[in-house]
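Participant: Output the structure for:
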Amino acid sequence: MFRWVCRSTVISAASTMLLMPGVSAQSGKLEFADRPRLVSCDPSTTKPCFRLKFNVVDAQGAPQSLNLPPNQDLRGQMKTTLDNQEIAPFFAVAQSGGGQTVRGRVALILVDISGSMNIHLASGRTRFQTAQEALQQFVEGFDESVDRVAIVPFESHNVADHINSAVFARKKADALAQIEALPVPGPKNNTALYSAVVLGLQVLTKEVSSTPGSVEAMMILMTDGKNEVFKGDDAGLLDGPAGLDAAANAVRTSGAQAICIGFGDPGSIDENALRTISGKFYMAQDSEKLKQIFTFARTLLANRIVATVASPWPDRSSLEGRSVPITADLRLSDGRHFESDSQTWQAPQMGAPTFDGKCDVQELKAALQVAPAEGSWLTTLRPVLVFFGLGTLLLVLWFWVPRLVWSDQYIGTFETQGGGSMRWASKSQVLEKDQGMRPSRPAPPGFETQRGGAQPPRAPGERTVVQPDFSKSRLQKRPPQS
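Facilitator: Predicted coordinates for the structure are as follows:
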């Protein structure tokens, strides 16, 4: 009995050991491939929405294949949490290669051509030649309908000119031509690593902003050393802890996925700096490993999960000053389960946040289901209330404020012919024809009426005094009559 139990235990343990690799291969997580972006889905919904992008990776950060059909709808299998509120995305698809959901894929590859790239490997080829072969592997699956890639060399001379002149190839032949045209590393070339990252992200962001809709972006940096700038290199190159912070901050603010590759002797590579710049860091010492890493990078760019979720807040003003932690959870029908770490979307402290983009056609169609849930009589009546409110304010400013400011001058009193006084705005008086208008003083010569009343001619020494009449001014008091 004991022997049978032991035998069963050994068989069970062996089975577990055999199954462990398979379980480990399936284990993984959702990794943010871009920072959460606030997008507008108007007119489908007036609520601000968040677009989230993920890669499925294993514990080492290598991409995992879910074997999902391109553009598969994942809405029923995915959940997101915004500020501790669980919300199902109204749009969620798995992108595999091409597809209608991909507007473009943009990649910028920065290649170190410092003097140490001329060191020969065990294969007999230099590091630079090996890098060219790996780059050709990266563009092997180039899709001319959606892909754009620029391969840019950098060292410590004319860094800004080389990177700012990057051309994003739209054809595979042009991309291969850029790889062949990479200049051979010079012996006096140093490594302006930090400056290359900052300038490269500026170029990449500009290229992405020129394409409407959802664009997949990635920057790949390959180096065999560390940031080193000396006398005789370009003036103003980033260096030291401040330069490292500037490069890392540029990656964070851009939101683009950045991959750093250390190629060569681990002792000569500043692994800590590359991990600080980007949490996605790979190390390669030979040609096969380098090609594998570039294949990883290609997979991370092409195979992504995109989810768009409506925020629980009605408008952008409600997001002012908020920090929104965001997580996602994916449960596939075959039982596989992937969760993401928390990523925080931060609004500006003052003023409503601006949109990072606009929903594309597929997202707008899916967002229509959000409108009935948020629709109400107040949403429909709000523009009418705003119109009448502004109209009422205009009337008050035009008619009431002047009376309030100039109350004693705006509504005055004046003497009537019958004695007493009357207010302008309250009543008026019409004299009968037979009452006539009797002048209070005799008429001057030549102005006598039929009833007489002429005054004697004036003497030459009499003065003529002209008194202004304020009785018809609405803003001045009538002077007292003598």
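Participant: Strands of the stretch 51-200 of the chain, residue ranges please.
Facilitator: Listed in chain order, the strands of the stretch 51-200 of the chain (DSSP state E, counting those that start in this stretch) span 72-73, 78-82, 85-87, 91-95, 104-112, 147-154.
Participant: Any chance of TSV for those, columns mean pLDDT?
Facilitator: TSV is the format used below for the strands of the stretch 51-200 of the chain (pLDDT from 0 to 100):
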stretch	mean pLDDT
strand 72-73	80
strand 78-82	94
strand 85-87	92
strand 91-95	88
strand 104-112	93
strand 147-154	95
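Participant: Using CSV, please lay out those together with mean neighbour count.
Facilitator: Backbone N, C-alpha and C define where each C-beta goes, glycine included. As requested, the strands of the stretch 51-200 of the chain are exported to CSV (neighbours: other Cβ atoms under 10 Å):
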stretch, mean neighbour count
strand 72-73, 14
strand 78-82, 20
strand 85-87, 12
strand 91-95, 25
strand 104-112, 25
strand 147-154, 24
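Participant: Figure out which of the ones you listed is closest to G335.
Facilitator: Closest approach to G335 among these (Cβ to Cβ): strand 78-82, 15.1 Å.
Participant: Show me the one of the strands of the stretch 51-200 of the chain that comes nearest I277.
Facilitator: Nearest to I277, of all the strands of the stretch 51-200 of the chain, is strand 104-112, at 11.3 Å by Cβ to Cβ.
Participant: which helices and strands does that closest one pack with?
Facilitator: helix 127-138, strand 147-154, helix 193-209, strand 215-223, helix 287-302 (3 or more Cβ pairs under 8 Å, 6 or more residues apart in numbering; DSSP states H and E).
Participant: Which one, of the ones you listed, ends up nearest to L274?
Facilitator: strand 215-223 (7.6 Å).
Participant: So what angle separates the directions of the closest one and helix 287-302?
Facilitator: Orientation note: strand 215-223 sits at an angle of 160 degrees relative to helix 287-302 (axes from the mean of the first three to the mean of the last three Cα atoms, to 10 degrees).
Participant: Any idea what the closest residue to I305 other than its chain neighbours is bridged to?
Facilitator: Leaving aside its chain neighbours, I305 sits nearest to F54 (4.5 Å; criterion: Cβ to Cβ, 6 or more residues apart in numbering). Using DSSP bridges, the bridge partners assigned to F54 are F32, I305.
Participant: about what we covered before: would you reformat the strands of the stretch 51-200 of the chain as JSON lines and include distance to L274?
Facilitator: Formatted as JSON lines, those follow (distance: least, Cβ to Cβ, whole Å):
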{"stretch": "strand 72-73", "distance to L274": "35"}
{"stretch": "strand 78-82", "distance to L274": "31"}
{"stretch": "strand 85-87", "distance to L274": "36"}
{"stretch": "strand 91-95", "distance to L274": "27"}
{"stretch": "strand 104-112", "distance to L274": "12"}
{"stretch": "strand 147-154", "distance to L274": "15"}
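Participant: just so I know, which of those lies nearest V203?
Facilitator: So among the strands of the stretch 51-200 of the chain, strand 104-112 is nearest, using Cβ to Cβ, at 6.5 Å.
Participant: on that earlier part again, of all the strands of the stretch 51-200 of the chain, which lies closest to R252?
Facilitator: Ranking the strands of the stretch 51-200 of the chain by proximity to R252 (Cβ to Cβ) places strand 104-112 first, at 16.8 Å.
Participant: V384 belongs to a strand, doesn't it?
Facilitator: No - counting by DSSP: H, G, I helix; E, B strand; the rest coil, V384 is not found in a strand; it is helix.
Participant: And the strands of the stretch 51-200 of the chain: which comes nearest Q292?
Facilitator: strand 104-112 (16.0 Å).
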